[in-house]
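J.: The sequence and its predicted three-dimensional model are supplied below.
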Amino acid sequence: MNSLKIEIKWAIIFSVVVLLWMVLEKLCGLHGKYIDYHLYLTNLFAIPAIAVMVMALKDKKRSFYNQQINYKQGLISGIILSVFIALLSPLTQWITSFIITPEYFPNVIKRSVELGYYKTTVEAQTNFNYQNYAVQGVIGALVMGIITTVIAMIFLRTK
């Protein structure tokens, strides 16, 4: 368990960053007045997400491997971190959906029907709901975390 402390710490940090990003999106109006821009601007979260992943891998290298980490060690650490983030993802999505911005789903459903992305409200509701977003969050955390780790470890490994 001692060897996983760093990954657990950074998974929690990552989850807090996700929640802060959601608060920022809401405060900027991306879940209401400017919802048309949400689709594009939410992707900017990749910047802090990658930064947190790299900081976590650097911390693992410094604190656990005494500055000597090979590609495989870093890859394993990044995969474990991604799994922990994925496990916390439904909770962060629940906090986002029901506490931070409960108006997001009704707003995006309404707007997506108005713009013709979906023919009916019911059709839009099948896409925009907590359960769907929770599943997407788990899968996204795993996939993007592993991809980030694969690339970051090229630069972070000890040569």
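T.: Yep, that arrived.

J.: Residue 38 - how many residues pack around it?
T.: Using other Cβ atoms under 10 Å, residue 38 is surrounded by 19 other residues. The C-beta positions use only the backbone N, C-alpha and C, and glycine is treated the same way.

J.: so it makes contact with residue 30?
T.: Yes. Here residue 38 reaches residue 30: they are 4.4 Å apart, a contact under Cβ atoms under 8 Å.

J.: who touches residue 42 in this structure?
T.: 25, 30 (Cβ atoms under 8 Å, 6 or more residues apart in numbering).

J.: how close does the closest residue to residue 81 other than its chain neighbours get to residue 39?
T.: Excluding the flanking residues, the one nearest residue 81 by Cβ to Cβ, 6 or more residues apart in numbering is residue 7, at 4.4 Å. Plainly put, residue 7 is 31 Å away from residue 39 if you go by Cβ to Cβ, to the nearest Å.

J.: higher neighbour count, those two?
T.: Neighbour count, other Cβ under 10 Å: between residue 7 and residue 39, residue 7 has more, with 24 against 12.

J.: how far away is the more buried one from residue 63?
T.: 11 Å.

J.: related to what we said a few turns ago, list the contacts for the residue nearest to residue 81?
T.: 56, 60, 77, 80, 81, 84.

J.: so what does the helix-or-strand element of the chain with minimal mean pLDDT touch, helix or strand wise?
T.: Lowest on mean pLDDT, DSSP states H and E among the helices and strands of the chain sits helix 35-41, with a mean of 95. On a contact count with 3 or more Cβ pairs under 8 Å, 6 or more residues apart in numbering; DSSP states H and E, helix 35-41 meets helix 104-114.

J.: Show me what the helix or strand that comes right after the helix it packs on is packed up against.
T.: On the C-terminal side of helix 104-114, the nearest following helix or strand under DSSP states H and E is helix 121-127. Secondary-structure packing of helix 121-127 (3+ Cβ pairs under 8 Å, 6+ apart): helix 104-114.

J.: Now do the strands in this structure.
T.: Secondary structure of the chain, counting by DSSP state E: no strands present.

J.: quick one: the helices in it?
T.: 5-27, 35-41, 46-59, 71-95, 104-114, 121-127, 130-156 (DSSP state H).

J.: Single out the most deeply packed of these.
T.: helix 71-95 (a mean of 19; mean count of other Cβ atoms under 10 Å).
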